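K.L.:
Predicted model and sequence follow; I will ask about them next.
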Amino acid sequence: MPAPEARAGVPAQRAVLVRMRAVMPELRPSEQRIAALFTADPGAAAELSIGELAARCSTSTTSVVRFCKRMGYDHLKELRMDVLRDVAREGFETAGLPEVSGDVDRDDTLEDIVAKVSLAETLSIADTAKVLDVASLQAAVDAVGAAHRVDIFGLGASSFVGLDLQQKLTRIGRTALNWADSHAAWTSAATTRSGSVAIAVSHSGSTRDTVEFLAIARASGATTIAITNHEGSPLVDHADIVLTTAARESVFRSGALGSRIAQLMVVDCIFIGVAQANYEESMEAIRNTYAVVHNLRTRRP
């Protein structure tokens, strides 16, 4: 079986279900339906014949063959074998969690919701750890560590991730700005220059305002970093460094549940890498900021 096509800064071999989720926005509608069937219930989908897959997804066997090749396989049986391996791996990684299947449903109990959300977030972190390219992460850590200013922008759930990174970097004495408004973000991006870093956070990588922010920052001379779930997205076209997540989407607030926890993991890795590279200085800053807040709080009547 040929290895899936490699991209710069991205591991050549990923779990097949992770790859399906990553490329789904780029697929044709018929191929998206096939990918959705596999990711929704991989064990059952892997037992279907090519004709059964085509019928279940209201498409042709030619589309199934094309989908297999898009995923890097010459034959359906090879894809099915790797899907079953993924199912076994996920079962091992979540052995301590309650057994649940499928997305959150309108009739689920609160116990079901807790089980399904915890499962999705556990797998989002595990999958992201596998696909996160360490060389790209190191490049991001070096760039942020050397930057005289870091601008961060994301919309929706991604904005909270940007705020988290901004607060962490500020606590160790770094100049970091998180922008909640796109016009303000664009204005700031236009003032960046060599030695600055701009970080864009977007699960889809297609949010127009976020893409524009990174494009403006790059044109101004900043080193640009994209944190996204989709390596083939428009955001990546404007990024010097790409950090890819592998989040599980949900029908409720699509992308926001799994993507946020995966993005926060990446943000934590960046922060810890920067802090570790300047260990004594960072630890002193953390102690000082803790002492200031603690002393002011204890002095209050």
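P.N.:
Sure thing, it's come through. Numbers count the residues shown, from 1 in each chain.
K.L.:
hey, let's count contacts and neighbours off CA atoms from now on
P.N.:
Fine.
K.L.:
How much space separates the residue lying closest to residue 24 once chain neighbours are set aside from residue 70?
P.N.:
Distance criterion CA to CA, 6 or more residues apart in numbering; nearest residue to residue 24, sequence neighbours excluded, is residue 32 at 5.8 Å. Residue 32 sits 11 Å away from residue 70, going by CA to CA, to the nearest Å.
K.L.:
so what sits against both of the two?
P.N.:
With contacts taken as CA atoms under 8 Å, 6 or more residues apart in numbering, residue 32 and residue 70 have no neighbour in common.
K.L.:
Show me what counts as buried in stretch 41-55.
P.N.:
42-43, 45-46, 50, 53-54 (16 or more other CA atoms under 10 Å).
K.L.:
Mind picking the two most distant members of these?
P.N.:
Within the buried residues of stretch 41-55, two members stand farthest from each other by CA to CA: 43 and 54, at 16.7 Å.
K.L.:
re earlier: list just the nearest of the buried residues of stretch 41-55 to residue 176.
P.N.:
Looking across these and measuring by CA to CA, the closest to residue 176 is residue 42, at 41.9 Å.
K.L.:
In this structure the closest one contacts residue 87, no?
P.N.:
Yes - counting by CA atoms under 8 Å, residue 42 does reach residue 87; the two are 6.9 Å apart.
K.L.:
and the residue nearest to residue 24, what element?
P.N.:
If you go by DSSP states H and E, residue 32 is part of helix 29-40.
K.L.:
Pull the residues that contact the next helix or strand along the chain from that helix.
P.N.:
Next helix or strand after helix 29-40 toward the C-terminus (DSSP H and E): helix 42-45. By CA under 8 Å, 6+ apart, the surrounding residues in contact with helix 42-45 are 37-38, 53, 83-84, 87.
K.L.:
and if you look at stretch 149-167?
P.N.:
With CA under 8 Å, 6+ apart, stretch 149-167 has contacts from 144, 174-180, 182, 185, 188-189, 195-203, 210, 213, 256, 260, 263-264, 267-268, 271.
K.L.:
Mind checking which of those are buried?
P.N.:
In the contacts of stretch 149-167, burial by neighbour count holds for 144, 174, 176-180, 182, 185, 188-189, 196-203, 210, 213, 256, 260, 263-264, 267-268, 271, counting by 16+ other CA under 10 Å.
K.L.:
Convert the C-alpha atoms of whichever helix or strand residue 225 is part of to PDB, please.
P.N.:
Secondary structure from DSSP H and E places residue 225 in strand 223-228. Extracted C-alpha coordinates of strand 223-228, given in PDB (Å, rounded to 0.1, in the frame of the first residue of the first chain):
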ATOM      1  CA  THR A 223       6.500  35.100  10.900                       C
ATOM      2  CA  THR A 224       3.100  33.500  10.500                       C
ATOM      3  CA  ILE A 225       1.800  30.400  12.400                       C
ATOM      4  CA  ALA A 226      -1.500  28.600  11.600                       C
ATOM      5  CA  ILE A 227      -3.200  26.300  14.100                       C
ATOM      6  CA  THR A 228      -5.800  24.400  12.100                       C
END
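K.L.:
quick one: the helices in the stretch 151-300 of the chain?
P.N.:
Ranges of helices in the stretch 151-300 of the chain, per DSSP state H, counting those that start in this stretch, are 157-171, 182-190, 208-219, 256-277, 279-299.
K.L.:
The shortest one - contacts with which helices or strands?
P.N.:
Read it as helix 182-190. For helix 182-190, the packing partners by 3 or more CA pairs under 8 Å, 6 or more residues apart in numbering; DSSP states H and E come out as strand 149-153, helix 208-219.
K.L.:
Flag the shaky bits of this structure, pLDDT-wise.
P.N.:
Applying pLDDT under 70 to the chain flags the ranges 1-14, 93-105, 248-257, 300-301.
K.L.:
what's the spacing between the residue nearest to the spatial centre of the chain and residue 205?
P.N.:
What sits nearest the mean C-alpha location of the chain, by CA atoms, centre = their mean, is residue 245, with 2.5 Å. Per CA to CA, residue 245 is found 11 Å from residue 205.
K.L.:
Could you tell me which residues touch both of these two?
P.N.:
Shared contacts of residue 245 and residue 205, defined by CA under 8 Å, 6+ apart, comprise 228-230.
K.L.:
could these go into JSON lines alongside neighbour count and distance to residue 79?
P.N.:
Converted to JSON lines, the shared contacts of residue 245 and residue 205 look like this (neighbours: other CA atoms under 10 Å; distance: CA to CA, whole Å):
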{"residue": "228", "neighbour count": "28", "distance to residue 79": "25"}
{"residue": "229", "neighbour count": "28", "distance to residue 79": "22"}
{"residue": "230", "neighbour count": "27", "distance to residue 79": "21"}
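K.L.:
Nice, that's everything, thank you.
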